[in-house]
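Student: Prediction below, plus the sequence it came from.
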Amino acid sequence: MIPSDDIGATQVLKWQDGKQAVFMLEFDDSAPSAITTAIPELSKRGMPGVFYINPGNPPFLALEKQWTSWSRDPCVILGNHTFSHVGAFSVPQLDDELARCNDAIRRLDPGCKWPRLVSFGQPGGVPWNVSPEEEAALLAKYRLVKRPPFWGCPFQTQSGEAVLALVDAALATGGMGHHDFHGVGGDWHSTPLEIFLALLDKLDANRDRLWITDPVSWHQYATEREGAVVQAAATGPDAIEVELLTAADPAFYDLPLTLATRVPTAWRACRVVQGRSETTVPVRDGAAMYSALPGGGKIRLRPA
Ligand SMILES: [Zn+2]
């Protein structure tokens, strides 16, 4: 906690909006049930999921129109699972597989900033004949961020209890939990529909404590936070100025961090200005919690 007498003292909170833990939902292979089941359920709840697509494969091509229209939904984040899920045979062939999948992702969401970080999920059950160094060089070339190792039905979790326990574990440790899917209620390596829905219900019930997000945002937040330095620029009874800097490259690490600043006891609410962004936030327990962009210029706080 921030010392109560230290007006202007500022802390970068561990997770966005001061949430206790992180949870991520990931879906592989552009399985048809992503379109028929998973995406509509996520969209209904306003909950994000990452879809690791294979845009060269029949399941994707058969539903390309639906993928195109759903990819505009803020709940649908696309990840690179290679163009055709055949594996890696050589550096040039993997280069081509990654490039073509990224091109499809860019085409599916033309409004999205580019270049940007994209999550990478290595396809399983296929040969992978490139060295870790060769793979790392290609991932860096295409700004791909490797996701945490696959964890899901029917490989690591076989029951509803095991799936729901992942949420409890994330909350207990204050860290990151995730569940990875192929089919939902059908298709291959399927997660039964009732388990999927029970997981969404549990996540929904814990939204005040969980940051439900995607692997790129999680990676950006943690990277920016680790390299973050907060400097108190000026402190007075009617204004506080702080500056947030980070070692991360601002071209790719542009996710706002959540800060908490100790403010004078007389302040009931706080006006926060950084660049063109202006918000009013409540003061709770003597501190104002707000989001700010690292390297985005001075942050000015005033009583509101
Ligand atoms: Zn796969």
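Tutor: Ah, there it is.

Student: Which residue lies nearest the spatial centre of the protein?
Tutor: Centroid-nearest residue in the chain: D214, 2.6 Å away (criterion: C-alpha atoms, centre = their mean).

Student: With I195 as the reference, measure out to that one.
Tutor: D214 sits 21 Å away from I195 when distances are taken as C-beta to C-beta, to the nearest Å. For the C-beta atoms, the positions are set from N, CA and C on the backbone; glycine is no exception.

Student: same question, D254
Tutor: Note on D254: its distance to I195, by C-beta to C-beta, is 35 Å.

Student: of the two, who's got more company?
Tutor: I195 (23 against 17; other C-beta atoms under 10 Å).

Student: For that one, which residues are in contact?
Tutor: C153, S159, G160, V163 (C-beta atoms under 8 Å, 6 or more residues apart in numbering).

Student: ditto for P154
Tutor: H189, S190, T191.

Student: switch to 6 Å and redo it
Tutor: H189 (C-beta atoms under 6 Å, 6 or more residues apart in numbering).

Student: for the one 3 residues further on, same thing?
Tutor: Contacts for T157 were tallied using C-beta under 6 Å, 6+ apart; they are V163.

Student: Repeat the analysis, applying 10 Å as the threshold.
Tutor: The contact partners of T157, by C-beta atoms under 10 Å, 6 or more residues apart in numbering, come to W151, V163, L164, A165, L166, H179, D180, T191, I195, L199.

Student: The ion contacts on the chain?
Tutor: By C-beta under 5 Å from the ion, the residues of the chain that approach the ion are D28, D29, P123.

Student: one more time with 8 Å
Tutor: Residues of the chain found near the ion (C-beta under 8 Å from the ion) are D28, D29, Y52, N54, H81, H85, G121, P123, G124, G125, H182.

Student: Now render those residues as CSV, adding neighbour count and pLDDT.
Tutor: Shown next, in CSV, are these (neighbours: other C-beta atoms under 10 Å; pLDDT from 0 to 100):
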residue, neighbour count, pLDDT
D28, 25, 98
D29, 24, 98
Y52, 29, 98
N54, 24, 98
H81, 28, 98
H85, 22, 98
G121, 25, 98
P123, 18, 97
G124, 16, 95
G125, 7, 94
H182, 22, 97
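
Student: Can you show me the strands along the stretch 1-150 of the chain?
Tutor: Counting by DSSP state E, counting those that start in this stretch, the stretch 1-150 of the chain has strands at residues 10-12, 21-28, 49-53, 76-80, 118-120, 144-146.

Student: In its sheet, which strands sit next to the second one, and in what direction?
Tutor: If I follow you right, that is strand 21-28. With DSSP bridges as the criterion, the sheet partners recorded for strand 21-28 are strand 49-53 (parallel), strand 176-181 (parallel), strand 210-213 (parallel).

Student: May I ask you to confirm that F150 is in contact with F27?
Tutor: No: at 11.3 Å, F150 and F27 do not qualify as touching, with contact defined as C-beta atoms under 10 Å.

Student: shared neighbours of those two, anything?
Tutor: With contacts defined as C-beta under 10 Å, 6+ apart, the residues shared by F150 and F27 are Y52, G121, H179, D180, F181, H182.

Student: Quick check: nearest residue in space to the third one, chain neighbours excluded?
Tutor: If I follow you right, that is H179. Nearest non-adjacent residue to H179, counting by C-beta to C-beta, 6 or more residues apart in numbering: G152, 5.3 Å away.

Student: What does A287 show for phi and psi?
Tutor: The phi and psi torsions at A287 (degrees, to the nearest 10) take the values phi -130, psi 150.

Student: likewise Q231?
Tutor: Backbone torsions for Q231, taken as degrees, to the nearest 10, come to phi -120, psi 130.

Student: if I pick it, what's in contact with it?
Tutor: The contact partners of Q231, taken as C-beta under 10 Å, 6+ apart, are T10, E241, V242, E243, L244, L245, K298.

Student: buried subset of the residues you listed?
Tutor: The neighbour count (16 or more other C-beta atoms under 10 Å) marks T10, E241, V242, E243, L244 as buried among the contacts of Q231.

Student: wait, which of the residues you listed is closest to the ion?
Tutor: Comparing those against the ion with C-beta to the ion places L244 closest, at 38.4 Å.

Student: What pairs with the lowest-mean-pLDDT helix or strand in the chain, parallel or antiparallel?
Tutor: The weakest-scoring helix or strand in the chain, judged by mean pLDDT, DSSP states H and E, is strand 228-235 (a mean of 87). Here strand 228-235 has these sheet partners by DSSP bridges: strand 240-246 (antiparallel).

Student: before we move on, back to that, let me know which of the strands of the stretch 1-150 of the chain is tucked in deepest.
Tutor: strand 49-53 (a mean of 27; mean count of other C-beta atoms under 10 Å).
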